[in-house]
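In: Everything below, folded, please.
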Amino acid sequence: MNFDPNQHLHLGYYENNVDLEAVAYKIQNENKWVIFLDNEQDTTLVKKILDNYDFHTKYGYKLFTVDADDLSYKVGNRLFEKWLKENNII
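Out: Numbers count the residues shown, from 1 in each chain. Purely as a prediction, here's the structure:
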């Protein structure tokens, strides 16, 4: 995957004593974003499910993709929160 060097988005969930961050990268020349869990943070809360996800040394754990030309912070955060809920993290 080649990511657009000019388009990425920092996402986060900061409620109920949870502090988790992800980063969305836009695939170059495609209307698709890939969401990675930042692996340089405390991942204790999600450790139990991380084996289910591909790990990329440069980006972290690949969580999911989003079909969109432009991904807003609001929509990205909502999708990240949905992923956290679906995986019983929050």
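
In: What segments of the protein are strands?
Out: Along the chain, the stretches classed as strands by DSSP state E are 3-13, 20-27, 32-37, 55-56, 60-67.

In: who's in contact with the fourth one?
Out: With contact meaning Cβ atoms under 8 Å, 6 or more residues apart in numbering, strand 55-56 is reached by 36, 39, 61-62. Every residue, glycine included, has its C-beta placed from N, CA and C.

In: Could you dump those residues into JSON lines and include neighbour count?
Out: Listed next are those as JSON lines, based on neighbours: other Cβ atoms under 10 Å:
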{"residue": "Phe36", "neighbour count": "23"}
{"residue": "Asn39", "neighbour count": "14"}
{"residue": "Tyr61", "neighbour count": "20"}
{"residue": "Lys62", "neighbour count": "16"}
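
In: and which of the residues you listed is nearest Ser72?
Out: Within these, proximity to Ser72 (Cβ to Cβ) peaks at Phe36, which comes in at 17.8 Å.

In: Return the backbone torsion pair for the residue in the chain sticking out farthest from the centre.
Out: Distance from the C-alpha centroid of the chain, by Cα atoms, centre = their mean, peaks at Asn29 (19.8 Å). When quoted as degrees, to the nearest 10, the phi and psi of Asn29 stand at phi 60, psi 20.

In: tell me the contacts of it?
Out: Asn2.

In: for the strands of the chain, which one sits closest to Tyr73?
Out: strand 3-13 (6.3 Å).
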